[in-house]
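Asker: next come a sequence and a model predicted from it.
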Number of protein chains: 4
Amino acid sequence: MKQPRSTTTVHAARQGAPSTGLWLIGARGSVATTAVVGLLALRAGIVPATGCVTSRPPLDSAPLVAWDDIVVGGHDIVGTPLEKRAEMLVDSGVIPHHVLEAVRGNLPEIESELRTGYHPATHTGTLADAAARLAADLSDFRDRHRLDRVVVVNVSSTEAPVPALPEHDDLDALTRALAVPGHRPLPPSSLCAYAAFQAGCAFVDFTPSTGARLPALARLAEQQGVPFAGSDGKTGETLLRTVLAPMFTARALRVRSWAGVNLLGGGDGATLADPEKVRSKLSSKAGVLPGLLGEEVTQPLHIDNVPDLGDHKTSWDHVSFEGFLGVRMTMQLTWGGVDSTLAAPLILDLARLAAAAHADGQRGAVRELGFFFKDPIGTGEHSLFEQQRALTAWAAALGTPGPRD
Amino acid sequence: MKQPRSTTTVHAARQGAPSTGLWLIGARGSVATTAVVGLLALRAGIVPATGCVTSRPPLDSAPLVAWDDIVVGGHDIVGTPLEKRAEMLVDSGVIPHHVLEAVRGNLPEIESELRTGYHPATHTGTLADAAARLAADLSDFRDRHRLDRVVVVNVSSTEAPVPALPEHDDLDALTRALAVPGHRPLPPSSLCAYAAFQAGCAFVDFTPSTGARLPALARLAEQQGVPFAGSDGKTGETLLRTVLAPMFTARALRVRSWAGVNLLGGGDGATLADPEKVRSKLSSKAGVLPGLLGEEVTQPLHIDNVPDLGDHKTSWDHVSFEGFLGVRMTMQLTWGGVDSTLAAPLILDLARLAAAAHADGQRGAVRELGFFFKDPIGTGEHSLFEQQRALTAWAAALGTPGPRD
Amino acid sequence: MKQPRSTTTVHAARQGAPSTGLWLIGARGSVATTAVVGLLALRAGIVPATGCVTSRPPLDSAPLVAWDDIVVGGHDIVGTPLEKRAEMLVDSGVIPHHVLEAVRGNLPEIESELRTGYHPATHTGTLADAAARLAADLSDFRDRHRLDRVVVVNVSSTEAPVPALPEHDDLDALTRALAVPGHRPLPPSSLCAYAAFQAGCAFVDFTPSTGARLPALARLAEQQGVPFAGSDGKTGETLLRTVLAPMFTARALRVRSWAGVNLLGGGDGATLADPEKVRSKLSSKAGVLPGLLGEEVTQPLHIDNVPDLGDHKTSWDHVSFEGFLGVRMTMQLTWGGVDSTLAAPLILDLARLAAAAHADGQRGAVRELGFFFKDPIGTGEHSLFEQQRALTAWAAALGTPGPRD
Amino acid sequence: MKQPRSTTTVHAARQGAPSTGLWLIGARGSVATTAVVGLLALRAGIVPATGCVTSRPPLDSAPLVAWDDIVVGGHDIVGTPLEKRAEMLVDSGVIPHHVLEAVRGNLPEIESELRTGYHPATHTGTLADAAARLAADLSDFRDRHRLDRVVVVNVSSTEAPVPALPEHDDLDALTRALAVPGHRPLPPSSLCAYAAFQAGCAFVDFTPSTGARLPALARLAEQQGVPFAGSDGKTGETLLRTVLAPMFTARALRVRSWAGVNLLGGGDGATLADPEKVRSKLSSKAGVLPGLLGEEVTQPLHIDNVPDLGDHKTSWDHVSFEGFLGVRMTMQLTWGGVDSTLAAPLILDLARLAAAAHADGQRGAVRELGFFFKDPIGTGEHSLFEQQRALTAWAAALGTPGPRD
């Protein structure tokens, strides 16, 4: 639903002081650190914006905040200094040595904006208390920097799926439940979304965790007039599947099985070695093929923790398909990507686009941002090119008055 | 340019006797034989139309000739009986044994429609004589079967590129040149296109040979009121490239090199082992990436004749690309396709679509059929999904009155 | 331990009537049927002995039974006629159509030698009863055909691992336990080994099931003077690993991780989709790398049931290794094999070699046959070339008098 | 032929000052620089000797010179400082940053031992003059450092094949020909071998250039009492082939075709982009398969210059093979290696082993070093494991008196 536009336009914002905040949940992780170092490098003009879709036509003509006008802060539950993490990423080939050297001097300023996140194991009060504290951090950040708006992006570790509760469907019930001592009706990702919405911030979930995907939270976003998007950034195997599966369909070839294996190390590998947590990721990935192929196919899928690979994620796909007269053929695909390298520029894109949606008065799920996600909220469209078309049209309409369906 | 529609509509044609002819140049080759056996199997209802894009939404609602209403004939310069060739294709895994057994009884009827093609080494008269003879074969075929129209499809062996001649640009000069004894201004594929146009037939080039891609021939098609399309069917490595290259672009990833190797045997492998003939194929394939990526990339490309592989064509692609902060990543892809299996259903699709274009009054290059080709005539668009969109829109407008740009 | 040689030499056997029996457990399965059809085709001289290592130098000069002198029988728990199964294997591309046609007439003779195997779900008596019945089938087969000896080869479905029992270590205790009503101390594969040994037959386990790998059964083989070998034929991914892992070691390169995934359909795929049964296979495969590399490595390994692939087994391996100065490199490998095609000739080889061992007076585990197995009984040597060297030397000594260590 | 052992034993050499010289032809190239930096790092004890086969059992117990006792010098025709080249190798991921930092201080000492090599385009005198100058550089190096011996290793750019000349077969004729002004009967690699032998140095050719592979040069080596070895280090695709081809043979599987493509950048990529020079490499690689498989196979092979890959060499192999009953199967293999990383430790190994051969009194071609080469001089054995066995036996006999065949 199109809302009255904010009187503070993005364009006006660029005239004054920095105006959009990017608040990272999991701010000391690999993806966040790469995004932060990259943002500083973009500002310094020492790297091209490779991987940032908002920096090339046609999105570069949308009314988006400039790199210079983004202020970064965030929550994390670990205390590794950003600089230390960045050095680790240099060692593992994610951040080039000369890039870190060029921006190292700007890291302390961002370091000073990082706050302790919510951790279920150490928090002692009610979840309402926790949410209030997180929301206060966001408001304080916005006020201190006189930001027009803040986009909260979740790049923390993947959580296990959570069992459904009645209060997930009812905002009032949820609010009451959060105040009950000892009751924990929301996982951390959803508590962050709750706090973000309470503080009037947009929320983007780059992970397959529950995040804002609960009816009560969607209601809260609508009520607070803020947009949200997600979930689970598509950066590798699934990205490929969302162009290749439509190719088979376009040519009337019948896919019979599509097997996949993902090898990765680093923190993500360790997280996904947990049989509960990996379920969230597998579930997010598994919905893609049936949606695109129009039928169920055999699709064994594995995610293996291979510590020595670090951030160098490798996936292998084997597709068996049937052509004319029932003849069988195969395709194989190996993707050798650097995970944080693929994710980080999309974080920056999403910060700009979610801020623009907010400025444009959009509230609730922004399904046109599905282009970025494995499990796009608000739409069942998985084809990358259909998603790109939708995103492009959406961005072209940003800042233009009138109704939006 | 939209032309007045023929009074013989496709719909009317379905009412009467079989009405569209499919005339195959290279009618005894693997692709043609697979298409013929497949067409008979489709008519018999013993196989699904896997691989035929005109049999599934949305193209299946376009006004296209039914399988039952297609009559097949063709030219070839070799004399291998169709049945013998079909048996060879059973042995090499292209045609299932039970399919051939089910349609074997219908092959003699098609065999009786095959005529000796033009062969430069054995032809003794002028090219004008040869063209007249070929055109007469087409007219005779159309008349005997009272066909509404005939679509000529070239699936003969790839020719070497031909040097440019002044008469290629001028229809009158070409006509005079063809009549000069001992002068051979057109390669066989182009002579076939000339004869097709003279006989009022649509022409489709599924090979990278010169075919109709000469200004004088385009002029003749316009003059005769017939459509044509081509060239070089995209069925494997290039098909994949036309969805994957746009993926890199959509995500602002910079491709630095894209290496490819194609291994194939069979007649196609033997033809392409000729260093002159392979140039046509390599040239057709090499234009795709720069068009899609917006810049030149290092793209070594090989086609190797590996006789023991027969029709089982294997290609390997290695893509090196650059992401955020200049980090290098790679993708590898292996396609294991059965060449004739991939091509044959597209031949049937093209026969239907070119016939519909003809019925619709279209003349000259039909660029919306670029979806099928590596080197689409009349357009520089290589993205499969853009091509699909154009084809879908074009098919939806078939049979509707009004201007066409 | 070298035993006095049998007075019935292999050479003498070739002079008279057919003399060696090959008794297949799982005789109606894909591997057995392919072996049987292949044996008949070899006898008919219509195929070369590709894949049979005993047909080429140096093993072809060992004193081995001729193809003509092997008589086939077997047990199975299903009733699918051999001919029907062979037709299914023609459809799935394992047996060429012309090969089946050429040997079809000989199948009934072998069909008549197949007996109902032991099935725990339908057997009602003690295991001692079952063993006696199986042994009687073997003796009867040997007697009716006046065979010098019989080799029992297990190619039935993989069983789940069995819990250790005290009677597994003590032949007397085992014999008593088998006679206890309602007690089932042995899985089917081991019961077959027990029966084979009781009947004086050699036993080869081509599966990862328990088979003869129990101290009590080894004792029985020694006592009965019969040899045995196993287990789990190496035909694909593991075969490759046993030449590639030694290559890394030979070059002092340090393997850090070796991931693998196996896709297969058919009966084997269905069996291994059982989470219990697949444990036997995974365990058999997992011991190879640490043995060859001299240290533990991260080695995620998956076996997926992909029904549409049928017998066309595909494995992918990804090796990450470290070279000079700690630099990381990778190797990837895809094996596209037809499982029964790879296994069947080895069954014939093992029948000949185990018969020769028996003729040579060898008893107990024949570790020199480790060349054929993923989990070689009696040795920790996994390197294919070391195994080949040991096999060659062993075969060269066959038939020569003197001590054997 | 075994010669009387030198009275200066390797063992004695270790007692005194540094005693073996490693003289690199192409000393400023990537392989040489990596070897030099690596040698310094090994001496400093900051890296394990991964990739060095002489540092692990069983070769580590042979009488080989210690890392501390190797003095490095060399020729090159370019002037890039070693330190600059090492920094480039850090940037391209071949040398870790911390390794260079740790050894940087020792590079000037080696830099001071580098001399200008022979370059046909700039040399103006006779080749005899050039050889005398090169030999003088070697003698001077040996004398200044009081080295017991010097091993010259060619790691310069690959040369084109050279046409045969009569003087290549006759040492006296060659000596005369070298003195003819304006006559150039030897390519640079062979001139270096000539100079090395004249100076009493061992020579190893790690490239596919002609080097010592001329009868006249072999005669000279014999006469001077020095050993030589080569040629063309096997570090990737060919290394894999020499374990995989024997695997197919060991299992009686029939390889029908083996296609390969190599992608590489860097100096090597640029050199091999020259259609003449690449012929030497292709010829060296192409001899391997027929030798191992016992028959000719279709083996298309490409080497492509892909500048953006730098030292990250990627090869893809596709093997089509035939199994039981003629069924076709395939194997694919991708090797992602860092070329200099794979070659450099072998240079150090060869320096040690060639020095030991020299100390042992061996002269002429040392065929037992074939383990290291694609085109082993003096033997047609290509199987890596046979080569390993021969090398191991040879090394075990080093330093033991007695005849050697």
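Answerer: It's in.

Asker: the longest helix anywhere in chain A near chain B at all?
Answerer: Using DSSP state H to define each element, chain A has its longest helix at helix A:339-359. Yes - judged by Cβ under 8 Å from any Cβ of the partner chain, helix A:339-359 comes into contact with chain B through A:341, A:342, A:344, A:345. Yep, even glycine has a C-beta here, placed from its N, CA and C like the rest.

Asker: what about the residue of the stretch 101-250 of chain A found nearest chain D, how many residues nearby?
Answerer: For the stretch 101-250 of chain A, the residue closest to chain D is residue A:101, as judged by Cβ to the nearest Cβ, at 11.6 Å. Residue A:101 has 10 neighbouring residues, counting by other Cβ atoms under 10 Å in any protein chain shown.

Asker: gap between the strand or helix carrying it and the chain center?
Answerer: Secondary structure from DSSP states H and E places residue A:101 in helix A:97-103. Distance, stretch centre to chain centre, for helix A:97-103: 25 Å (Cα atoms, centre = their mean, to the nearest Å).

Asker: give the rounded mean pLDDT of it.
Answerer: Helix A:97-103 carries an average pLDDT of 96.

Asker: domain map for chain A?
Answerer: A:10-233+A:341-397, A:237-338 (automatic domain parsing).

Asker: list the buried residues for the next helix or strand after the helix holding residue A:101?
Answerer: Counting by DSSP H and E, the next helix or strand C-terminal to helix A:97-103 is helix A:107-111. By 16 or more other Cβ atoms under 10 Å in any protein chain shown, the buried positions in helix A:107-111 come out as A:107, A:110.

Asker: how about residues contacting the next helix or strand after helix A:107-111?
Answerer: Counting by DSSP H and E, the next helix or strand C-terminal to helix A:107-111 is strand A:114-116. Identification of contacts with strand A:114-116 by Cβ atoms under 8 Å, 6 or more residues apart in numbering or on different chains yields A:27, A:28, A:73, A:74, A:75, A:76, A:77, A:82, A:137.

Asker: list the contacts of the first one.
Answerer: The one in question is residue A:27. A:36, A:72, A:73, A:74, A:75, A:76, A:82, A:114, A:155.

Asker: nearest spatial neighbour of it, skipping sequence neighbours?
Answerer: Closest residue in space to residue A:27, ignoring its immediate chain neighbours: residue A:74 at 2.7 Å, by Cβ to Cβ, 6 or more residues apart in numbering or on different chains.

Asker: which parts of whatever helix or strand that neighbour lives in are buried?
Answerer: Using DSSP H and E, residue A:74 maps to strand A:70-76. Using 16+ other Cβ under 10 Å as the test for burial, strand A:70-76 gives A:70, A:71, A:72, A:73, A:74, A:75, A:76.

Asker: output those as TSV; include the columns distance to residue B:59 and pLDDT.
Answerer: Conversion of the buried residues of strand A:70-76 to TSV gives the following (distance: Cβ to Cβ, whole Å; pLDDT from 0 to 100):
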residue	distance to residue B:59	pLDDT
A:70	46	97
A:71	52	97
A:72	50	98
A:73	53	98
A:74	50	98
A:75	52	98
A:76	53	98
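
Asker: which residues of the stretch 301-405 of chain A lie near chain B?
Answerer: Going by Cβ under 8 Å from any Cβ, the residues of the stretch 301-405 of chain A near chain B are A:322-327, A:329-338, A:341-342, A:344-345, A:383-385, A:388.

Asker: near chain D, list only the ones from the residues you listed.
Answerer: Within those, those near chain D by Cβ under 8 Å from any Cβ are A:332, A:334.

Asker: just the residues of the stretch 301-405 of chain A next to chain B: which are in strands?
Answerer: A:322, A:329, A:330, A:331, A:332, A:333, A:334, A:335, A:336, A:337, A:338 (DSSP state E).

Asker: coming back round to it: tell me the one of the residues of helix A:339-359 next to chain B nearest residue C:173?
Answerer: Nearest to residue C:173 out of the residues of helix A:339-359 next to chain B is residue A:342 (Cβ to Cβ; 61.2 Å).

Asker: contacting residues for the spatially closest residue to the closest one that is not a sequence neighbour?
Answerer: In space, and not counting its chain neighbours, residue A:342 is closest to residue A:235: 3.8 Å by Cβ to Cβ, 6+ apart. By Cβ under 8 Å, 6+ apart, residue A:235 lies in contact with A:337, A:339, A:342, A:343, A:346.

Asker: phi, psi of residue A:235?
Answerer: phi -130, psi -10 (degrees, to the nearest 10).

Asker: and if you look at residue A:319?
Answerer: phi -110, psi 130.

Asker: so what's it bridging to?
Answerer: Taking DSSP bridges as the rule, residue A:319 bridges to residue A:258, residue A:331.
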